[in-house]
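J.: Sequence first, predicted model second:
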Amino acid sequence: MIENQRQYNLTKANLERFKITLSYIVQQDISKLEVQIQRDAVQSEIEVLTNQLNAFDELQNGQTQVELGAFEDIAEKLIQARVARGFTQADLAARLKMKPQQIQRYEASKYANASLTRVLEVARVLQNAK
């Protein structure tokens with residue numbers, strides 16, 4: 001799952017590299033079977049990256065509804081809600097009156113280091129965001 005604009009940009013760049021790689025595979029001096037195996041592997045990765053980019057775009061464009069449900073999924077849902085509302089990590093941090101690095105740490109650890117009080121504050125800010 002792409003969690004922020006930086007990851008989105010890196011994923012997009014990787015996708016372009018895989019597309020270039022795909023075009024060079026057929027030019028290699030290897031057997032048809034090896035070409036097919038390499039092509040299938042690269043095409044599979046292209047599909048994975050494309051799906052990740054599309055999912056992030058849909059969140060940002062409001063095409064995907066994010067419901068905060070089961071507590072086990074709370075970290076992923078908080079990140080998805082932030083992205084869907086168009087907030088960067090810095091935007092969320094500003095609304096919570098904290099440093100952006102703290103939000104980065106929370107998301108990197110999937111909120112494992114955040115207190116329940118902090119998780120609820122984040123959820124309230126995201127729930128009430130317009």
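T.: Arrived safely.
J.: tell me the mean pLDDT over the longest helix anywhere in the chain?
T.: Residue-count comparison of every helix in the chain, with assignments taken from DSSP state H, identifies helix 32-60 as the longest. On average, the pLDDT along helix 32-60 is 94.
J.: now could you export just the CA positions of whichever helix or strand comes after it as PDB?
T.: Beyond helix 32-60 in the direction of the C-terminus, DSSP states H and E gives the next helix or strand as helix 74-84. Output in PDB follows, covering the C-alpha atoms of helix 74-84 (Å, rounded to 0.1, in the frame of the first residue of the first chain):
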ATOM      1  CA  ILE A  74      -6.800   1.000  12.500                       C
ATOM      2  CA  ALA A  75      -3.300   1.900  11.400                       C
ATOM      3  CA  GLU A  76      -3.900   1.200   7.800                       C
ATOM      4  CA  LYS A  77      -7.300   2.900   8.000                       C
ATOM      5  CA  LEU A  78      -5.900   6.000   9.500                       C
ATOM      6  CA  ILE A  79      -3.300   6.300   6.800                       C
ATOM      7  CA  GLN A  80      -5.900   5.700   4.100                       C
ATOM      8  CA  ALA A  81      -8.200   8.300   5.700                       C
ATOM      9  CA  ARG A  82      -5.400  10.800   5.700                       C
ATOM     10  CA  VAL A  83      -4.600  10.200   2.000                       C
ATOM     11  CA  ALA A  84      -8.300  10.200   1.100                       C
END
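J.: any idea which helix or strand comes after helix 74-84?
T.: Beyond helix 74-84 in the direction of the C-terminus, DSSP H and E gives the next helix or strand as helix 89-95.
J.: Buried residues of the longest helix of the chain, list them for me.
T.: By neighbour count on 16 or more other CB atoms under 10 Å, the buried set for helix 32-60 is Gln38, Val42, Glu45, Ile46, Leu49, Gln52, Leu53, Ala55, Phe56, Leu59, Gln60. Just so you know, the C-beta spots here come from the backbone N, C-alpha and C atoms, and that holds for glycine as well.
J.: Can you lay out the residues you listed as a markdown table showing distance to Gln104?
T.: Written out in a markdown table, the entries for the buried residues of helix 32-60 read as follows (distance: CB to CB, whole Å):
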| residue | distance to Gln104 |
| --- | --- |
| Gln38 | 37 |
| Val42 | 32 |
| Glu45 | 27 |
| Ile46 | 29 |
| Leu49 | 23 |
| Gln52 | 20 |
| Leu53 | 21 |
| Ala55 | 21 |
| Phe56 | 17 |
| Leu59 | 18 |
| Gln60 | 19 |
